[in-house]
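K.L.:
model this:
(one chain, ligands or ions: 1)
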Amino acid sequence: MSTDAQNRVRSWTLDPTVPTYRPPEGAVDAHCHVFGPAERFPFSAKAKYIPQDAGPDALFALRDRLGLNRSVIVQASCHGTDNSATLNAIAASNGSARGVAVVDPSISNDELEALHLGGMRGIRFNFLKRLVDDAPKDRFLEVAGRLPEGWHVVMYFEADDLEDLRPFIAALPVPVIIDHMGRPDVTQGPDGSDMRAFRALLDSRPDIHFKATCPDRLSASPGWDDFVQAVRPLVEDYPDRCLWGTDWPHPNMEQRIPDDGALVDMIPRIAPTPGLQQKLLIDNPMRLYWSEEWP
Ligand SMILES: O=C(O)/C=C(\CC(=O)C(=O)O)C(=O)O
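P.N.:
I've put the predicted structure just below:
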């Protein structure tokens, strides 16, 4: 994969609109990434995409523009299991960012503790074949059993893989967060088979959470109406289990770059009351990522 500067892709807009919706004070962007800067934090030899730099300065400037206050930075697959770029961004955040690491399952307990001190609060298991070469479930389960206190597992998979993954998810010994709701086909509507299967998963244990994220990836309609129709009932029915995030810098979306301001303006459409917005943007992510500051 070419790492030449001119071949590195940009999947985010440099000029997002300022949203009309104003998030409540303390709102958390619970799903974003950083890329590089590559000179200090080179990409993994196994990276499936090589992006331009999108470091902490750009992330925090965007956050200010969007009216958000905290960030959960999820280690992106292009950095493999070297979490330095994510840790660097967390360190630059003055306590306003936490992270989710990607680790080699043979990681030692001391290394996990060091990640905790660096602001990590979970590990991510990525099952998307276009992003990672392998996802060894037995080794994932082993490391999930010895995470630092209060950590959780973030899972990324596609709807067609949910059935296969159910025993694995059931065996996880810590709380679980599902990225982008496991990528359902939202065009099926709120009662479609993908949403029904996802609700069955949520009903299978009380500590599974989901990110009501990525209309840009999941929607087939320009105004993202299908996303709203499918996702709002999920937020309303599981108000204590939902999180929201921008997904900036939108890896692999260079052909359909979303406007980050429009993503923020989705919030009141999927969480229509101030009470739901408080849970989605503050209570739920604070409990999972800043538990020591949260009642
Ligand atoms: O930003 C996301 O959640 C989705 C990604 C990228 C990703 O997860 C990664 O690189 O680790 C995708 O679907 O390409």
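K.L.:
confidence score at the residue nearest to residue 137 when sequence neighbours are not counted?
P.N.:
Leaving aside its sequence neighbours, residue 137 sits nearest to residue 168 (CB to CB, 6 or more residues apart in numbering; 5.1 Å). (Each C-beta comes from the backbone N, C-alpha and C, glycine too.) You'll see residue 168 listed with a pLDDT of 98.
K.L.:
can you pull the contacts of the residue in the stretch 51-200 of the chain that the ligand sits nearest to?
P.N.:
Residue nearest to the ligand within the stretch 51-200 of the chain: residue 77 (3.4 Å; CB to the nearest ligand atom). Under the criterion of CB atoms under 8 Å, 6 or more residues apart in numbering, the neighbours of residue 77 are 44, 47-48, 102, 126, 131-132, 251.
K.L.:
from those residues, which are also near the ligand?
P.N.:
Contacts with the ligand within the contacts of residue 77, as defined by CB under 6 Å from any ligand atom: 126, 131, 251.
K.L.:
where do the helices sit along this protein?
P.N.:
For the chain, applying DSSP state H gives helices covering 56-66, 84-91, 109-117, 137-144, 162-171, 193-204, 215-218, 225-237, 260-265, 267-270, 274-278, 284-289.
K.L.:
Throw these into TSV and include mean neighbour count and distance to the ligand, thanks.
P.N.:
TSV is the format used below for those (neighbours: other CB atoms under 10 Å; distance: least, CB to the nearest ligand atom, whole Å):
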stretch	mean neighbour count	distance to the ligand
helix 56-66	18	13
helix 84-91	21	11
helix 109-117	14	17
helix 137-144	15	15
helix 162-171	14	16
helix 193-204	16	16
helix 215-218	20	6
helix 225-237	19	15
helix 260-265	21	13
helix 267-270	20	17
helix 274-278	15	22
helix 284-289	22	16
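K.L.:
ok so, going back, from the ones next to the ligand among the contacts of residue 77, which land in strands?
P.N.:
With strands taken from DSSP state E, the overlap with those comprises residue 126.
K.L.:
okay, the nearest residue to residue 56 once chain neighbours are set aside: pLDDT?
P.N.:
Distances taken as CB to CB, 6+ apart put residue 89 closest to residue 56, at 3.9 Å, once the chain neighbours are dropped. For residue 89, the pLDDT comes out at 98.
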